[in-house]
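Participant: With the sequence up front, the predicted model follows.
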Amino acid sequence: MKRRRNSLKRCPFCGGKAKYYEYDGDTYVSCGRCGASSVASATKPDAARCWQRRIGVGDEAKATE
């Protein structure tokens, strides 16, 4: 199945559906099932980029560089 370009990936922890949320001027992507969320972002595209990124084993060091 092909994913729509603007659709959010499912939660990497529980497989729940992700949705956009806004709070205090910031935008987040959060899982409706377990509550996992992205970092606070200024825009929806930025929040989506944070949510969509998946870090594999061994990539943790690269993410903090």
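Facilitator: Great, that's in hand. Numbering: from 1, shown residues only.
Participant: Any regions of this protein where pLDDT drops low?
Facilitator: By pLDDT under 70, the low-scoring segments of the chain are 1-6, 55-65.
Participant: where's the residue nearest to the spatial centre of it, which helix or strand?
Facilitator: For the chain, the residue nearest the mean C-alpha position is Trp51 (1.6 Å; C-alpha atoms, centre = their mean). Taking DSSP states H and E as the criterion, Trp51 maps to helix 44-52.
Participant: Please report phi then psi for Gly35.
Facilitator: phi 90, psi 0 (degrees, to the nearest 10).
Participant: separation between it and Pro45?
Facilitator: Separation of Gly35 from Pro45 (C-beta to C-beta, to the nearest Å): 22 Å. Heads up, the C-betas are built off the backbone N, CA and C, glycines and all.
Participant: can I get the CA coordinates of the helix holding Trp51 in CSV?
Facilitator: Extracted in CSV, the C-alpha atoms of helix 44-52 (Å, rounded to 0.1, in the frame of the first residue of the first chain):
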residue,chain,number,x,y,z
LYS,A,44,3.4,21.3,11.0
PRO,A,45,6.0,20.3,8.4
ASP,A,46,8.8,20.6,11.1
ALA,A,47,6.7,18.5,13.5
ALA,A,48,6.1,15.9,10.8
ARG,A,49,9.8,15.7,9.9
CYS,A,50,10.6,15.0,13.6
TRP,A,51,7.9,12.3,13.9
GLN,A,52,8.7,10.6,10.6
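Participant: What are the buried residues along it?
Facilitator: Using 16 or more other C-beta atoms under 10 Å as the burial criterion, the residues of helix 44-52 that qualify are 46-48, 50-51.
Participant: Could you do stretch 17-28 as well?
Facilitator: Per 16+ other C-beta under 10 Å, stretch 17-28 contains these buried residues: 18, 27-28.
Participant: Show me which of these is closest to Ala40.
Facilitator: Ala40 has its nearest neighbour among these in Tyr28, at 6.3 Å by C-beta to C-beta.
Participant: Please name every helix or strand in contact with the host helix or strand of that closest one.
Facilitator: Assigned by DSSP H and E, Tyr28 belongs to strand 26-31. Packing partners of strand 26-31 (3 or more C-beta pairs under 8 Å, 6 or more residues apart in numbering; DSSP states H and E): strand 18-23, helix 44-52.
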